[in-house]
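With the sequence up front, the predicted model follows.
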Amino acid sequence: MNFPDTSFLCSIYREQIHSPKADAWMKDNTQPLPVSSLLILEFRQSIRLQNWFFKKDRTHGFSVLEGEKMLRDIQTDLASGLLKMTAPD
């Protein structure tokens, strides 16, 4: 079973240097991607941190609007079954 980390999720939900590889992997993957509540929490916290960086210096991080879009997108993928809540053990 492949279990993603926060950086993989960030590459899926926001364009980054590794996004093309992450997107290609997701396209080829036929099973729901397992995620845990702890991973989702870490993803949310990462977004909040990036929003804080952006508020301090607009050349770092990203806006609250972009973070909110990322959170909506991950919720949509959870609801559609693209992601599946799974216990981390």
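Received, thanks.

Tell me the pLDDT of the closest residue to residue 3 other than its chain neighbours.
Excluding the flanking residues, the one nearest residue 3 by Cβ to Cβ, 6 or more residues apart in numbering is residue 34, at 5.6 Å. Glycine gets a C-beta too; all of them are placed from N, C-alpha and C. We have a pLDDT of 95 for residue 34.

State whether residue 34 is indeed within a strand.
Yes - membership of residue 34 in a strand is supported by DSSP: H, G, I helix; E, B strand; the rest coil.

so who does it touch?
1, 2, 3, 4, 83, 84, 85, 86 (Cβ atoms under 8 Å, 6 or more residues apart in numbering).

Quick check: beta-bridge partners of the residue nearest to residue 86 when sequence neighbours are not counted?
Spatially, and ignoring its direct neighbours in sequence, residue 86 is nearest to residue 34 (3.7 Å; Cβ to Cβ, 6+ apart). Counting by DSSP bridges, residue 34 is bridged to residue 84.

ok, back up a step: closest to residue 46 out of the contacts of residue 34?
residue 4 (12.8 Å; Cβ to Cβ).

helix/strand/coil for the closest one?
Under three-state DSSP, residue 4 comes out as coil.

Nearest spatial neighbour of it, chain-adjacent residues omitted?
Nearest residue to residue 4, sequence neighbours excluded (Cβ to Cβ, 6+ apart): residue 33, at 6.2 Å.

Now do the same contact list for the one you found.
2, 4, 26, 82, 83, 84.

For the host helix or strand of residue 72, which outside residues touch it?
In the assignment (DSSP states H and E), residue 72 maps to helix 64-80. With contact meaning Cβ under 8 Å, 6+ apart, helix 64-80 is reached by 9-10, 13-14, 35, 40, 43-44, 47-48, 50-51, 54, 83-85.

most neighbours, which of those residues?
Counting neighbours by other Cβ atoms under 10 Å, residue 47 leads those with 25 neighbours.

Go ahead and list the helix or strand containing the residue sitting nearest the centre point of the chain.
Centroid-nearest residue in the chain: residue 9, 3.0 Å away (criterion: Cα atoms, centre = their mean). Counting by DSSP H and E, the element that carries residue 9 is helix 6-13.
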